[in-house]
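S.K.: Please find the sequence and the predicted model below.
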Protein chains: 4
Amino acid sequence: MIGFVAQDPIFEVLASGTSLMSLRIGSTPRRYDREIGQWRDDDPMFLTVTCLRTLADNLQSCELQRGDPVIVTGKLRIREYVRDGQKRFSAQIEATTVGHDLSRGVARFQRAQRSAF
Amino acid sequence: MIGFVAQDPIFEVLASGTSLMSLRIGSTPRRYDREIGQWRDDDPMFLTVTCLRTLADNLQSCELQRGDPVIVTGKLRIREYVRDGQKRFSAQIEATTVGHDLSRGVARFQRAQRSAF
Amino acid sequence: MIGFVAQDPIFEVLASGTSLMSLRIGSTPRRYDREIGQWRDDDPMFLTVTCLRTLADNLQSCELQRGDPVIVTGKLRIREYVRDGQKRFSAQIEATTVGHDLSRGVARFQRAQRSAF
Amino acid sequence: MIGFVAQDPIFEVLASGTSLMSLRIGSTPRRYDREIGQWRDDDPMFLTVTCLRTLADNLQSCELQRGDPVIVTGKLRIREYVRDGQKRFSAQIEATTVGHDLSRGVARFQRAQRSAF
């Protein structure tokens, strides 16, 4: 998923000691409009992206900000539940990793010292 | 594709004025080994990744280096050709975008000034 | 997306003359459980899949049934809206195509006569 | 990967008793041509797809033929090797599953009796 950070990221450390960063990511799919014979931007869609452990720590050190363009890889999870007697959905991505979208800017990378490749 | 830069990147400006960066990317797929009942690293695979225009320019400014962990998105192109009377293959990705793999380190991002989001 | 038909498919012809088939597809992601050191089935997730035109007509002719295992390719669309003052989500796939999952059974294929490849 | 069967499938049973079906799949990517401002078909690309065990058996029972349109999901494996002193590549997909492309025709599905869903 290629998109942008839509809200200020939320970082927390769970009671278990696990770091968690929650990102709200917007993405604007492009759609072919048969009537005008051209591609155009579709409505943006928004997803919550959950980042755990080292990824969460690193993103916190990156000072990721609202508006930053990013690439997200991971697994989509869609859950359906009932609240107040009505069906509801939630959709989120459990991130494998995240990177800045370098088609939109520049970043200098520094490998984490504790990380073994 | 999640992997690492396997050779020093090659940047050039084509006669048409188009910037081109060629990356050699290695990736180590994981495979479930039925005999030992565990996941293990498979042989790494290597692909050439072609980056054009602004993406090439930005990657050049990022001082991307051999060993840097990256995320690549784009389209796979596999070509078959005959050389010396024998069938040959080449495989490359035409990159949509590239980002540092932030599960493996930290980067500060600066949006390109000319880029409109 | 690899899954199964979770409800009887709904086929309709819109006022514009466009065929539409709506499928409800369930899929059971597998997750690595760090505590027990094994992969296990996660909760199934359900998505609405929208099929248009020839694909809808062909699926109708296939007599697709609840329980049939299928492969779906297409684009995910997640929409957020407000109802009764509360944020709500819906998630659906706009299918490019659908096929029976032939790791789970057998099918004989007959090319549509009107279709040009 | 959405494509078509480019050669007659090859089915064999390995010495270990494992069924193996090898498919040669062609796929025609579409590319946006900036000069003419339109999408057009790119050169077709061809990949070998390896199907094992039940999937191979079922595909054999399906009487899959050259020209049949199919959907393939699985993992790409690219290997580089040296022959006659020259670097060579091979690319193949290890299929998770395969299905007929039902946007191009009709198929009736019959669940395998031995298969547990």
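M.R.: Perfect, thanks for sending it.

S.K.: Show me which residues of chain A are close to chain B?
M.R.: If contacts are counted using Cβ under 8 Å from any Cβ of the partner chain, the residues of chain A sitting beside chain B are A:2, A:4, A:54-55, A:58-59, A:61-64, A:67-71, A:73, A:96-112, A:115, A:117. Any C-beta I mention is one placed from the backbone N, CA and C, and that applies to glycine too.

S.K.: From the residues you listed, which land in strands?
M.R.: Per DSSP state E, strands hold the following members of these: A:2, A:4, A:69-71, A:73, A:96-100, A:105-111.

S.K.: filter these by proximity to chain D?
M.R.: Residues of those in contact with chain D (Cβ under 8 Å from any Cβ): none.

S.K.: Would you write a PyMOL line that selects the buried entries of these?
M.R.: For anyone working in PyMOL, the buried entries among these, judged by 16 or more other Cβ atoms under 10 Å in any protein chain shown, can be selected with:
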select buried, chain A and resi 2+4+69+70+71+73+97+98+99+100+105+106+107+109+111
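
S.K.: Next, the spatially closest residue to A:D57 that is not a sequence neighbour: phi, psi?
M.R.: Closest residue in space to A:D57, ignoring its immediate chain neighbours: A:S19 at 5.1 Å, by Cβ to Cβ, 6 or more residues apart in numbering or on different chains. The phi/psi pair for A:S19 (degrees, to the nearest 10) reads phi -80, psi 140.

S.K.: Show the contacting residues for A:S19.
M.R.: Contacts for A:S19 were tallied using Cβ atoms under 8 Å, 6 or more residues apart in numbering or on different chains; they are A:11-13, A:52-54, A:56-57, A:60.

S.K.: For those, pick the one with the most neighbours.
M.R.: A:A56 (26 neighbours; other Cβ atoms under 10 Å in any protein chain shown).

S.K.: wait, it sits on A:S22?
M.R.: No - when contacts are counted by Cβ atoms under 8 Å, A:A56 is not listed as touching A:S22 (9.0 Å).

S.K.: all helices of chain A, in order?
M.R.: When assigned using DSSP state H, the helices of chain A occupy the ranges A:53-61.

S.K.: any idea how far D:G105 is from the closest residue to chain B within it?
M.R.: With Cβ to the nearest Cβ, the shortest gap between chain A and chain B falls at A:G99, namely 2.3 Å. Counting by Cβ to Cβ, to the nearest Å, the gap from A:G99 to D:G105 is 41 Å.

S.K.: Do you know the pLDDT at the nearest residue to A:Q65 once chain neighbours are set aside?
M.R.: Nearest residue to A:Q65, sequence neighbours excluded (Cβ to Cβ, 6+ apart): A:V5, at 6.5 Å. In the prediction, the pLDDT value recorded for A:V5 is 97.

S.K.: returning to that earlier point: contacts only, for the residue of chain A closest to chain B.
M.R.: Counting by Cβ under 8 Å, 6+ apart, A:G99 has contacts A:70-71, B:70-71, B:98-102.

S.K.: try 10 Å this time
M.R.: Residues near A:G99 by Cβ atoms under 10 Å, 6 or more residues apart in numbering or on different chains: A:62, A:70-73, A:107, A:109, B:2, B:69-73, B:97-104, B:107, B:109.

S.K.: ditto for A:G26
M.R.: Counting by Cβ under 10 Å, 6+ apart, A:G26 has contacts A:3-7, A:44-47, A:67.

S.K.: do A:D101 as well
M.R.: Applying Cβ under 10 Å, 6+ apart, one finds that A:D101 lies in contact with A:2-4, A:68-72, A:107, B:55, B:58, B:71, B:73, B:96-99, B:109, B:111, B:117.

S.K.: Phi first, then psi, for it.
M.R.: Given degrees, to the nearest 10, the pair of backbone angles that A:D101 has is phi -80, psi 100.

S.K.: Buried residues of stretch A:45-53, list them for me.
M.R.: By neighbour count, with 16+ other Cβ under 10 Å as the criterion, the buried positions of stretch A:45-53 are A:45-51.

S.K.: Adding pLDDT and distance to B:Q86, write those residues out as CSV.
M.R.: As requested, the buried residues of stretch A:45-53 are exported to CSV (pLDDT from 0 to 100; distance: Cβ to Cβ, whole Å):
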residue, pLDDT, distance to B:Q86
A:M45, 88, 48
A:F46, 89, 51
A:L47, 91, 47
A:T48, 93, 51
A:V49, 97, 47
A:T50, 97, 49
A:C51, 98, 47
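
S.K.: Show me those that map onto strands.
M.R.: Cross-referencing the buried residues of stretch A:45-53 with the strands (criterion: DSSP E) gives A:45-51 as the overlap.

S.K.: Run a quick neighbour tally on A:K87.
M.R.: Neighbouring residues of A:K87 were enumerated by other Cβ under 10 Å; the total is 9.

S.K.: Please name the nearest non-neighbouring residue to it.
M.R.: Among residues not flanking A:K87 along the chain, A:E80 sits closest, at 6.2 Å (Cβ to Cβ, 6+ apart).
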